[in-house]
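*Asks:* I would like to see how this sequence folds:
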Amino acid sequence: MEELLKSVPGAAELLAWFGYWPSFHNAQVINLVLNRSGISTLRLHTWHTTEQVDERNCYIKEKHVIVSFQMEEILYLTLSNFSQQNVIFGLKISPEDGGYRLDLDPRYGLAGLISARLLSIELEPLPDGTR
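*Replies:* All right, here's what the predicted structure looks like:
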């Protein structure tokens, strides 16, 4: 994790936003844009789920944010099951020789892995209560 925080622009800001590194459990895939050259982007809507419940007995979610993973020089990818709604069980980022690997663990829809030479992260905070 320490290597990731030092080598990926925006990783420290993501850690600071939540106060921990998110698992992206139940994150919604907003879009995935792949380009032959230049920047390709995976955008996810994620949040922090508190231990508090609302009047409907549902857990309260806060710190909603769209996290954009910007990748350059895609080295390898395999994707499957893209659909109208894509919810991931989790996302794992790991350094690998000459780049980074993003593993998308599916819950419903999109699954796969993307390996890229360069990776950066950008945050787009959303108002709490966003669905």
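
*Asks:* Point me to the residue sitting closest to the centre of this structure.
*Replies:* Nearest to the geometric centre of the chain sits residue 44, at 4.9 Å (C-alpha atoms, centre = their mean).

*Asks:* And that one, what's its pLDDT?
*Replies:* The per-residue pLDDT reported for residue 44 equals 97.

*Asks:* That one touches residue 87, doesn't it?
*Replies:* No - in this structure, residue 44 is not within contact of residue 87 by C-beta atoms under 8 Å, at 9.9 Å. To be clear about C-beta, it is placed using only N, CA and C from the backbone, and glycine gets the same treatment.

*Asks:* Need the residues touching each of the two.
*Replies:* 27-29 (C-beta atoms under 8 Å, 6 or more residues apart in numbering).

*Asks:* Show the contacting residues for the nearest residue to residue 61 once chain neighbours are set aside.
*Replies:* Once flanking residues are discounted, residue 61 sits nearest to residue 47: 4.4 Å by C-beta to C-beta, 6 or more residues apart in numbering. Going by C-beta under 8 Å, 6+ apart, residue 47 touches 61-65, 130.

*Asks:* Could you grab the helix/strand/coil label for residue 47?
*Replies:* strand (DSSP: H, G, I helix; E, B strand; the rest coil).

*Asks:* what residue ranges in the chain score low on pLDDT?
*Replies:* 128-131 (pLDDT under 70).

*Asks:* burial measure for residue 63, as a count.
*Replies:* 16 (other C-beta atoms under 10 Å).
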